[in-house]
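>>> Sequence and predicted model, in that order:
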Amino acid sequence: MNKIDYIIPTWNSGATLEITLSSIEKHGDPNQIIIVDRHSQDETLKIAQRHGCRVLTSTDNLGAARLVGARSAQTELIGFVDSDVELTESGGDLLDQAWKNKYKDAGVFGAYYEGCLANTKWPLVLDGRNYAFGCIITYRSHLIDCEELGTFSSPKMGPMPGSCLERA
């Protein structure tokens, strides 16, 4: 399996970041882990340094932080992981499917807890510590020119119809 870059936006994530980073190192086969920190005042940066993460900063919203990370990634396949998510062994299954281009036209692969999307069937379930959508595997080329990503701060806002995010 090929390695991928993981992007983790953080802001005072010290309480959960250790678990997230350890799980990526164990199950995610990372090329590098990129922390995009939004001026944390806790132990977040010390934890990131202990794990050898590349640390960038952003003063903008969550979407803009993800875009900063995507633009600095070195691999075509990238993973956005929330700082309170723990990847499990099944994360390797998701990466394997992505590298085999099983879903090459979809462009985005997600993780959720069983039951979160009651009427939707996905290829697998990854465990997230916040019981919500918290890990996306996508293609860097789908996002690096998408300025709209920088305008979204919450998944509830969603992409506008016809936007580059809707097509990704």
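Right, received. Where do you want to start?

>>> how about the helices in this protein?
Counting by DSSP state H, the chain has helices at residues 17-27, 44-50, 62-72, 91-99, 164-167.

>>> which stretch in these has the least confidence?
Note on these: lowest mean pLDDT is at helix 164-167, with a mean of 43.

>>> What is the neighbour count of residue 66?
22 (other CB atoms under 10 Å). All C-beta spots, glycine's among them, are computed from the backbone N, C-alpha and C.

>>> So it sits against residue 149, correct?
Yes: with contact defined as CB atoms under 8 Å, residue 66 counts as touching residue 149 (6.3 Å).

>>> who touches both of the two?
In terms of CB atoms under 8 Å, 6 or more residues apart in numbering, residue 66 and residue 149 are both contacted by the residues residue 143.

>>> Would you check that my belief about residue 85 contacting residue 134 is correct?
Yes: at 3.7 Å, residue 85 counts as touching residue 134 under the criterion of CB under 8 Å.

>>> what ranges of the chain fall below the confidence cut-off?
Applying pLDDT under 70 to the chain flags the ranges 1, 90-133, 152-168.

>>> so where do the strands sit in it?
With DSSP state E, the ranges of strands along the chain come out as 4-10, 30-37, 54-57, 77-81, 108-110, 135-139.

>>> got the ones you listed as JSON lines, with mean neighbour count and distance to residue 20 columns?
Output for the strands of the chain, formatted as JSON lines (neighbours: other CB atoms under 10 Å; distance: least, CB to CB, whole Å):
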{"stretch": "strand 4-10", "mean neighbour count": "26", "distance to residue 20": "7"}
{"stretch": "strand 30-37", "mean neighbour count": "21", "distance to residue 20": "9"}
{"stretch": "strand 54-57", "mean neighbour count": "15", "distance to residue 20": "14"}
{"stretch": "strand 77-81", "mean neighbour count": "24", "distance to residue 20": "6"}
{"stretch": "strand 108-110", "mean neighbour count": "18", "distance to residue 20": "17"}
{"stretch": "strand 135-139", "mean neighbour count": "21", "distance to residue 20": "10"}
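
>>> Output the ones you listed as JSON lines; include the columns distance to residue 43.
What follows is the strands of the chain, written out as JSON lines (distance: least, CB to CB, whole Å):
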{"stretch": "strand 4-10", "distance to residue 43": "11"}
{"stretch": "strand 30-37", "distance to residue 43": "12"}
{"stretch": "strand 54-57", "distance to residue 43": "13"}
{"stretch": "strand 77-81", "distance to residue 43": "18"}
{"stretch": "strand 108-110", "distance to residue 43": "29"}
{"stretch": "strand 135-139", "distance to residue 43": "22"}
